[in-house]
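Engineer: Could you look at this predicted model? Sequence included:
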Amino acid sequence: MDELSRRKMLLAGGTLGALGLLGVASPARANTAWTWGADRSLAGAGTGSDPNWVWDEEADRLLSAVIERGDVPKVNELLRTWTRNDQPLPGELPQYLREFIDKARRLPPWADRNKLDRAAQFNETRGLYLNVLNGIGGGMLSTAIPREARAVYYSKGGADMEDRVAKTSKLGFAVGDLNAFQPDGSVVVEAVKTRLVHAAVRHLLPKSPGWSGTNGGQKIPISQADMLVTWHTLPTFAMRKMLEWDVPISSADSEAYLHLWQVTAHLLGIRDEYIPATWDAADTQSKQLLDPVLGPTPEGVKLTDILLRQLAEQTSPGGLDRPLVNAFARYLVGDQVADWDGIPRAPFWETAVKAAWPKLVAYREGLIKLPLVPQIAWTIDEAARQYILFYLSKGREVHIEIPDTNRPA
C-alpha cells in the first residue's frame, strides 16, 4: 500500500466512532451503583468517586471564560496554526489558555514510547479491522447511546453531520497514524483540542431547550463516565471483535494497542484513576458503564439514517447498495443495537455477510487459500473501504474547533 493510500485508511480510523469523543459523548447514567475499583486503573488507587458526577473542572472554568469573553473566534483562528506535537503555541493566545494547553499537552509519566511505537505498527498491519470497527461499529454504537445521540443532535455540529464527521476524522487520523506521538505527529494536538471542545459543550449544551428536555436529569453533560463510555465503543469493542474473528494478536501487540488508547484517554482529560490498566479491567468497566446505557432514541435513529444514507449517496458512481451497508452494520453491532438504531433488515445481505466476512478475515490472516474466498467477500471488503473513506473525497482542510453556540433552532 502506498503512503497516500495508507494515510487515507488511517485518516478514516475512528471517523464515526470518534463522534462521541469529538462531539459530546453523554450517555445515560449507569443503572447500577459505581463499583469498579480504582485498584484496577492505571493509577492503582483513587477517591472512589462515581465518574458520572465528575467532570473536568480546570478545563471547564477555562472555556467558560473563553466563551463569556467572546474569545472563541480569535482562539479558533490561532489554534488552526497549531498542528504538530512539537510545535510551540501561538504567542497571541491568551496567557491563561496558553498555560493550560502547555500543561495539558504533556504526556503522562507512565507513557511508554516503545509501546506507542509498537501500537503504530499494529495500527498499520490491522488497519482494515480497526477502521471498520472503530468507524462503522463505534459509530453505530454511539448513536445507540441515548445521551450521546441527543447531545450530538442538539449541539452545533448536529446541524451539519457531514462537516462534523469530517472534523471527527481528524482525531481518528491522529490516533491511528504511524507517527502519532512523534514530534511531527498530531495526536497530542487533536486530543487537547477535543478536550477544549468538551469543556465548551459542557458550558453551552445545558442552555439548549432541545437537550435540556431529554437529558434524564443530568445538568452537565460529558462527565468522566460519559467519556469512558465512548472510549469503550472504540478500543474495548474493537479488541473484543477482533478476538471473536480469530485475528491473531500477540500479547505485546495487545498491550501496546491498549496503551495507545490509555495515553489518548489521559490527553482527553480522563483521570488516571478511571483508565483501565488491563483488558480484563476494561471489559469489566465496559459492562458496568456501556452495556446498561444502550437504547433507542428518535435522535439516534435520525443520526444513523443520515450516516448510512450519506454513504450510499456519496460513494463511487452507482454507490453501494444500501441494504448491504445496513447488513454490514448489523453484523458488527448485532441485531439489538441495530434495531435501536432503526437500521432496516436486509435478509439476503445479512446472510451473505455472515458467511463471507469470516472467510475474508481468514484469507487475510493466511488461514485459507484464495479459491475458497467467494466474490462476495471482496464486495464486502470494498464496501467497508468505501464506508470509512467517503468523507475523504471532500478535498478540504478541516479543523477541530471550539463551538460558541448550540444547534440552531
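Structural biologist: Alright, I've got the coordinates.
Engineer: Domain boundaries for this protein, per the record?
Structural biologist: The record's domain parsing of the chain by automatic domain parsing lists 3-31+65-293, 314-394.
Engineer: now the ones you listed in JSON lines, with distance to residue 47?
Structural biologist: Placement of C-beta: from N, CA and C, glycine included. Formatted as JSON lines, those follow (distance: least, C-beta to C-beta, whole Å):
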{"stretch": "domain 3-31+65-293", "distance to residue 47": "7"}
{"stretch": "domain 314-394", "distance to residue 47": "33"}
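Engineer: Redo these as TSV? Include mean neighbour count and mean pLDDT.
Structural biologist: What follows is these, written out as TSV (neighbours: other C-beta atoms under 10 Å; pLDDT from 0 to 100):
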stretch	mean neighbour count	mean pLDDT
domain 3-31+65-293	20	86
domain 314-394	17	76
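Engineer: Quick one: closest of the ones you listed to residue 308.
Structural biologist: Nearest to residue 308, of all these, is domain 314-394, at 5.5 Å by C-beta to C-beta.
Engineer: Residue 407 is nearest to which of the domains of the chain?
Structural biologist: By C-beta to C-beta (comparing all of the domains of the chain), the closest turns out to be domain 3-31+65-293, at 4.7 Å.
Engineer: chain center to the closest one: distance?
Structural biologist: Relative to the chain's own centre, domain 3-31+65-293 is displaced by 5 Å; criterion: C-alpha atoms, centre = their mean, to the nearest Å.
Engineer: mind exporting stretch 189-198 as PDB, just the C-alpha atoms?
Structural biologist: Listed in PDB are the C-alpha atoms of stretch 189-198, where the atom choice follows Å, rounded to 0.1, in the frame of the first residue of the first chain:
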ATOM      1  CA  VAL A 189      -2.800  18.500  19.300                       C
ATOM      2  CA  GLU A 190      -6.100  16.900  18.300                       C
ATOM      3  CA  ALA A 191      -6.700  15.300  21.700                       C
ATOM      4  CA  VAL A 192      -6.100  18.600  23.600                       C
ATOM      5  CA  LYS A 193      -8.300  20.500  21.100                       C
ATOM      6  CA  THR A 194     -11.000  17.800  21.700                       C
ATOM      7  CA  ARG A 195     -10.700  18.400  25.400                       C
ATOM      8  CA  LEU A 196     -11.400  22.100  24.900                       C
ATOM      9  CA  VAL A 197     -14.400  21.200  22.700                       C
ATOM     10  CA  HIS A 198     -15.800  19.000  25.500                       C
END
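Engineer: Need the residues that contact it.
Structural biologist: Judged by C-beta atoms under 8 Å, 6 or more residues apart in numbering, the contacts made with stretch 189-198 from elsewhere in the structure are 21-24, 56, 59, 63, 79, 82-85, 87, 101, 104-105, 170-171, 173-174, 222, 227, 264, 267-269, 400-403.
Engineer: try stretch 251-258
Structural biologist: Contacts with stretch 251-258, where a contact means C-beta under 8 Å, 6+ apart, come from 115-116, 118-119, 122-123, 235, 239, 276, 278-279, 282.
Engineer: where do the strands sit along the stretch 251-400 of the chain?
Structural biologist: Using DSSP state E, counting those that start in this stretch, no strands are found in the stretch 251-400 of the chain.
Engineer: show me where it has helices.
Structural biologist: Assigned by DSSP state H, counting those that start in this stretch, the stretch 251-400 of the chain shows helices spanning 251-267, 279-289, 298-314, 322-333, 335-340, 347-364, 375-389.
Engineer: Not counting the shortest one itself, show me its contacts.
Structural biologist: Okay, so that is helix 335-340. Contacts to helix 335-340, defined as C-beta under 8 Å, 6+ apart, come from residues 140-141, 144, 294-296, 300, 326, 329-330.
Engineer: any chance of those residues in CSV, plus distance to residue 154?
Structural biologist: Formatted as CSV, the entries for the contacts of helix 335-340 read as follows, by distance: C-beta to C-beta, whole Å:
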residue, distance to residue 154
140, 20
141, 19
144, 17
294, 20
295, 17
296, 17
300, 12
326, 26
329, 24
330, 27
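Engineer: picking that back up, ok, which of the helices of the stretch 251-400 of the chain comes nearest residue 36?
Structural biologist: Between residue 36 and the helices of the stretch 251-400 of the chain, the tightest spacing by C-beta to C-beta is seen for helix 279-289, at 4.9 Å.
Engineer: mind saving the C-alpha coords of the closest one as CSV?
Structural biologist: Provided in CSV are the C-alpha atoms of helix 279-289 (Å, rounded to 0.1, in the frame of the first residue of the first chain):
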residue,chain,number,x,y,z
TRP,A,279,-8.1,-5.5,29.0
ASP,A,280,-9.8,-7.5,31.7
ALA,A,281,-10.3,-4.3,33.7
ALA,A,282,-11.6,-2.6,30.6
ASP,A,283,-14.1,-5.4,29.9
THR,A,284,-15.4,-5.2,33.5
GLN,A,285,-15.7,-1.4,33.3
SER,A,286,-17.4,-1.6,29.9
LYS,A,287,-20.1,-4.0,31.2
GLN,A,288,-20.9,-1.6,34.0
LEU,A,289,-20.8,1.7,32.1
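Engineer: list the helices and strands that helix packs on?
Structural biologist: Contacts defined by 3 or more C-beta pairs under 8 Å, 6 or more residues apart in numbering; DSSP states H and E place helix 279-289 against helix 224-231, helix 237-244, helix 251-267.
Engineer: wait, which of the ones you listed is closest to residue 321?
Structural biologist: Checked against C-beta to C-beta, the stretch from the helices and strands packed on helix 279-289 lying closest is helix 237-244, at 23.1 Å.
Engineer: Any figure for the gap between residue 63 and residue 196?
Structural biologist: 6 Å (C-beta to C-beta, to the nearest Å).
Engineer: And for residue 171?
Structural biologist: As judged by C-beta to C-beta, residue 171 and residue 196 stand 12 Å apart.
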